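> Kindly generate the corresponding structure for this input.
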Amino acid sequence: MPVSFNPETRKFGVPETIFDASAEHKSVSFPRVSPDGKSLVFTYHNYGVFSIWHKEADLYSINLNDLSVKKMEHLNSDFTESYHSWSANGKWLIFSSKRGDGLTARPYISFVDENGIARKPFVLPQEDPDFYNTFDKTFNIPEFAKAEVSFSPGEIRNAAEKEAVKVIWSNNL
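Below is the predicted model of the structure:
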């Protein structure tokens, strides 16, 4: 929602709705503006905020110049598409999709041209071509990274557990 701001009075204006999903009795999740500020991509689904469990969840885009809304036809399938992220240069979009088996989400990547048209996506390649056939976990929230990730999933889990213990301990004071 665009909102005007007056720096002299330091007050915000009235928010402007750019897409009213509730008018269609639907929900929108994860709005992400492209790095160039020209478009916004969101997940459109029947209800709620956890779109990964909604088979009908699809990706849509809004042209922020004229506020036109389009279903991203090349990206969507008969299964869930959700949790999208832009590359830093705005030329790529990564998102999770259950198109492979209808059950597990896999990271798909699409090239986005200068007109904002997303091209046919491809699953993120793995060193082992059979990786996705044997990997029974899901990729819910794929993100592009600018730097090498130098820690393991186990290290992330251990850090989260330590923080959880701190929160529990401090809440008991």
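> pLDDT value on the residue lying closest to Gly102 once chain neighbours are set aside, please?
Once flanking residues are discounted, Gly102 sits nearest to Phe79: 5.0 Å by C-beta to C-beta, 6 or more residues apart in numbering. Quick note: C-beta positions are derived from backbone N, CA and C, even for glycine. Phe79 carries a pLDDT value of 96.
> where's Phe79 relative to Pro142, distance?
Distance of Phe79 to Pro142, given as C-beta to C-beta, to the nearest Å: 16 Å.
> repeat for Ser61
Look at Ser61 and Pro142: by C-beta to C-beta, they are 18 Å apart.
> How about Arg119?
To Pro142, Arg119 is 17 Å away according to C-beta to C-beta.
> Tell me where this structure has helices.
Along the chain, the segments classed as helices by DSSP state H run 131-134, 153-171.
> mean pLDDT for these: which is lowest?
Among those, helix 153-171 carries the lowest mean pLDDT (a mean of 74).
> Any idea how far apart the tips of stretch 142-149 sit?
Start to finish, the residues bounding stretch 142-149 are 13 Å apart (C-alpha to C-alpha, to the nearest Å).
> For the remainder of this discussion, apply numbering that starts at 28.
Shifting the count to begin at 28 puts that one at stretch 169-176.
> Could I get the average pLDDT for that stretch?
On average, the pLDDT along stretch 169-176 is 86.
> so Ile121 makes contact with Phe138?
No. Counting by C-beta atoms under 8 Å, Phe138 is not a contact partner of Ile121; they are 11.1 Å apart.
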